[in-house]
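> Here is my input, please return the structure:
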Amino acid sequence: MRLALRLTMTMALAAATLTPLAAETARSIKLTGTDALAFSLPTITAKPGELLTVVLRTMSMQPADQLAHNFVLLKPTAKVDAFIMAAAMARTEGHLPAKLKDQVIVASALAAAGETTSATFRAPAQPGRYPYVCSFPGHYNGGMKGVLVVQ
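Take a look at the predicted model:
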């Protein structure tokens, strides 16, 4: 009997050791983009390395070819104005210029009226301020920008 109990406890301990840990859950950040060309949150805060999912919903009365929004998180060293100018010309690339992809940490797809898009990523390990923008033509200059503060 004692041997059976010892074997049962050993097997239970082994099973507990081999059971994978629960998958990490991303913190969801809900953003809205509207015809007013502003993100509903101009600032997002995160801990270094935190797993985040930005969920962007577009609320608009405009057709998709005239208005769509995306979420593009840039490196702090990015030349934002140059990126935005190149994005305006990158229509076939979803307004995400491939030649400047090294400046992008993460980007969502474009979402037209009533649509939702998302991007899941780890906040940078380095504390700092990371700009985010909508790269659809005219939106950044209209005020559709924000900052991810990693602290």
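> close enough to count as contact, residue 145 and residue 129?
No - under the criterion of CB atoms under 8 Å, residue 145 makes no contact with residue 129, lying 12.0 Å away. In this view, the C-beta of every residue, glycine as well, is placed from N, C-alpha and C.
> higher neighbour count, those two?
residue 145 (20 against 11; other CB atoms under 10 Å).
> mind checking pLDDT for that one?
Residue 145 carries a pLDDT value of 98.
> Pull the contacting residues for it.
Each residue near residue 145 by CB atoms under 8 Å, 6 or more residues apart in numbering is listed here: 39, 42, 80, 131, 132, 133, 134.
> Setting aside sequence-adjacent positions, which residue approaches residue 146 most closely?
residue 42 (4.5 Å; CB to CB, 6 or more residues apart in numbering).
> So what does that neighbour have for phi and psi?
phi -80, psi -10 (degrees, to the nearest 10).
> Numbering from 568 from now on, please.
That works, and once the first residue is 568, the last one we named lands at residue 609.
> hang on, isn't it packed against residue 714?
Yes - using CB under 8 Å, residue 609 makes contact with residue 714 at a distance of 7.3 Å.
> Bridged to residue 683, which residues?
Judged by DSSP bridges, the bridge partners of residue 683 are residue 624.
> In contact with residue 696, which residues?
643, 714, 715, 716, 717 are the contacts of residue 696 under CB under 8 Å, 6+ apart.
> if I look at the first one, how far off is residue 698?
Residue 643 sits 7 Å away from residue 698, going by CB to CB, to the nearest Å.
> And stretch 643-659, how far out from the chain middle?
The chain centre lies 18 Å from the centre of stretch 643-659; the measure is CA atoms, centre = their mean, to the nearest Å.
> number of nearby residues for the closest residue to residue 615 other than its chain neighbours?
What sits nearest to residue 615 in space, not counting adjacent residues and going by CB to CB, 6+ apart, is residue 692, at 4.9 Å. By the measure other CB under 10 Å, the count of residues near residue 692 is 10.
> Could you look up the SS state of residue 692?
At residue 692 the chain is in coil, as set by DSSP: H, G, I helix; E, B strand; the rest coil.
> Quick check: pLDDT value at it.
On pLDDT, residue 692 comes in at 97.
> can you tell me how far it sits from residue 619?
Separation of residue 692 from residue 619 (CB to CB): 13 Å.
> same deal with residue 629?
On the measure of CB to CB, residue 629 and residue 619 end up 28 Å apart.
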